[in-house]
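Colleague: compute the structure for the input listed below.
(2 chains)
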Amino acid sequence: QQKVQQSPESLIVPEGAMTSLNCTFSDSASQYFAWYRQHSGKAPKALMSIFSNGEKEEGRFTIHLNKASLHFSLHIRDSQPSDSALYLCAVSINRDYKYVFGAGTRLKVIA
Amino acid sequence: EAAVTQSPRNKVAVTGGKVTLSCNQTNNHNNMYWYRQDTGHGLRLIHYSYGAGSTEKGDIPDGYKASRPSQENFSLILELATPSQTSVYFCASGDPGQGWEQYFGPGTRLTVL
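Modeller: Sure thing, here's the model as predicted:
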């Protein structure tokens, strides 16, 4: 069964810093990779996805994917206090997007 | 934006009692999902559905049943609730034909005493 692990468990960064969140997965057949963000007391919300090796940038957010290393990451440039949230990575083998989620990284950005 | 609603938002149940959590989506998505979220475990898939009349077991189905009577509605049923089922439950909808995202409801906080 697919195992998805995130590191670190929690992170505190100053406003304006670069933040890096990591996700590893166990099944090399995995094809679809996503990040969700969950503010405290709220529902998870889709943030970004990537489906092929390499890098994808959307505004301040960048995803890196290395399938051979079973690893992908989320990088947040110029981190803001509003970025403070629980970040969940998600992995799917098939295009049905039935994800297995990691346990999350709790990010706090201090002004 | 996609709309998923859940009821009730909070529920206190007694051990051995029956609990039904309801979910409604107005996006005409084919797929619906039930997750529970516990500290240290992230989101774990309980049951999911590909459309009206279909239910499939997720990764942690024991102690739960699901029902999908229509495209819009998906229920999670705990026939004999136990304290270990105390958690926050999220419903989500999605449609691979439309995109990779799942859209989540606001969650139900269930406490089993």
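Colleague: tell me the pLDDT at residue B:11?
Modeller: Per-residue pLDDT puts residue B:11 at 98.
Colleague: which strand or helix spans it?
Modeller: Applying DSSP states H and E as the criterion places residue B:11 in strand B:10-13.
Colleague: contacts (any at all) between chain A and whatever helix or strand comes next after that strand?
Modeller: Following strand B:10-13 in sequence order, the next helix or strand is strand B:19-25 (DSSP H and E). No - Strand B:19-25 stays clear of chain A (C-beta under 8 Å from any C-beta of the partner chain), getting no nearer than 11.9 Å. In short, each C-beta sits where N, CA and C put it, glycine included.
Colleague: strands paired with strand B:19-25, and their directions?
Modeller: The pairing partners recorded for strand B:19-25 under DSSP bridges are strand B:4-7 (antiparallel), strand B:73-78 (antiparallel).
Colleague: can I get the ones you listed in JSON lines with distance to residue A:14, mean pLDDT and mean neighbour count?
Modeller: Output for those, formatted as JSON lines (distance: least, C-beta to C-beta, whole Å; pLDDT from 0 to 100; neighbours: other C-beta atoms under 10 Å in any protein chain shown):
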{"stretch": "strand B:4-7", "distance to residue A:14": "35", "mean pLDDT": "97", "mean neighbour count": "18"}
{"stretch": "strand B:73-78", "distance to residue A:14": "41", "mean pLDDT": "98", "mean neighbour count": "20"}
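Colleague: turn these into CSV, columns for distance to residue A:71.
Modeller: Formatted as CSV, the strands paired with strand B:19-25 follow (distance: least, C-beta to C-beta, whole Å):
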stretch, distance to residue A:71
strand B:4-7, 31
strand B:73-78, 33
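Colleague: near chain B, which residues of chain A?
Modeller: Listed as neighbours of chain B in chain A under the rule C-beta under 8 Å from any C-beta: A:1, A:4, A:6, A:32, A:34, A:42-46, A:49, A:51, A:88, A:95-104.
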